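Peer 1: Here you go, sequence then predicted model.
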Amino acid sequence: MSFRSMRRTRQELSRAETEDILRRGSTGVLAVHGDDGYPYAVPLNYVYKDGKIYFHCARAGHKFDALLRDDKVSFCVIDKDTVVPDEFATYYKSAVAFGRARLLEGEEAARAVYDLGYKYNPAPDKVRAELAKALPRVACFQIAIDHLTGKQAKGLL
C-alpha cells in the first residue's frame with residue numbers, strides 16, 4: 001500500500017517528534033471500519049511502546065467487533081491545541097498513524113495491559129492488583145504502524 005505524502009511539507013514533523021507526541025499523549029482517537037460501512041472513531045487511553053500502540057477494550061461491542069472484522073485502523077493524538085482568536089486558528093501538533101490492529105492473548109496481552117496501567121498510575125502494586133481483576137474481562141490490541149505522520153500548525157514554524 002502506498003500512503004499519501006503530506007501536502008504541506010513545511011508543517012511536517014520529524015519521525016522523532018511524532019513519536020514523542022505518541023509517547024506524551026494521554027488520549028488518542030481510534031478510527032475503524034464500523035457497522036454498515038460507517039467510520040467509527042472513538043477516544044481511548046493507550047500506550048506507545050517499542051514502535052507500537054497498545055489499548056484495551058471490552059470483549060464485546062462496536063469497537064471490538066469492528067476490529068475483528070477489519071484490522072485496518074488509523075489513530076490520532078493531538079499534542080497541543082491552543083486557540084489563537086486573533087488568527088482564527090489553533091496552534092496544534094498532532095500525530096496520525098495508519099496500521100493494523102491485532103488481538104493479543106496470554107502473556108503478551110498481560111504485559112501490554114500492565115504497561116497501559118502503569119502509564120496512567122505508576123504504582124506497580126496497584127497496577128498488578130487492577131490487572132488481576134481486569135485482565136479476564138478485557139481485550140488488548142496492538143497496532144503495528146504502517147505509516148506515521150506528524151504535523152504542526154503554521155503558527156508554530
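Peer 2: All right, it came through fine. All values reported here derive from a predicted model rather than from experimental measurement. Numbers count the residues shown, from 1 in each chain.
Peer 1: CA only for contacts and neighbour counts going forward, please
Peer 2: Noted.
Peer 1: could you say what helices and strands the least confident helix or strand in the chain by mean pLDDT packs with?
Peer 2: Scoring the helices and strands of the chain by mean pLDDT, DSSP states H and E places helix 124-134 at the bottom, with a mean of 88. Using 3 or more C-alpha pairs under 8 Å, 6 or more residues apart in numbering; DSSP states H and E as the contact test, the elements touching helix 124-134 are helix 106-120.
Peer 1: buried set for the helix it packs on?
Peer 2: Neighbour-count burial for helix 106-120 flags 109-110, 112-119 (criterion: 16 or more other C-alpha atoms under 10 Å).
Peer 1: could you dump these to CSV with pLDDT?
Peer 2: Formatted as CSV, these follow (pLDDT from 0 to 100):
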residue, pLDDT
A109, 93
A110, 92
A112, 94
V113, 92
Y114, 93
D115, 95
L116, 93
G117, 92
Y118, 93
K119, 95
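Peer 1: Just the buried residues of the least confident helix or strand of the chain, please?
Peer 2: Counting neighbours by 16+ other C-alpha under 10 Å, one finds that the buried residues in helix 124-134 are 127-128, 131.
Peer 1: Of those residues, which is the nearest to Y38?
Peer 2: L131 (33.2 Å; C-alpha to C-alpha).
Peer 1: On the three-state scheme, S74 is what?
Peer 2: With DSSP: H, G, I helix; E, B strand; the rest coil as the basis, S74 sits in strand.
Peer 1: so what's it up against?
Peer 2: 30-32, 96-99 (C-alpha atoms under 8 Å, 6 or more residues apart in numbering).
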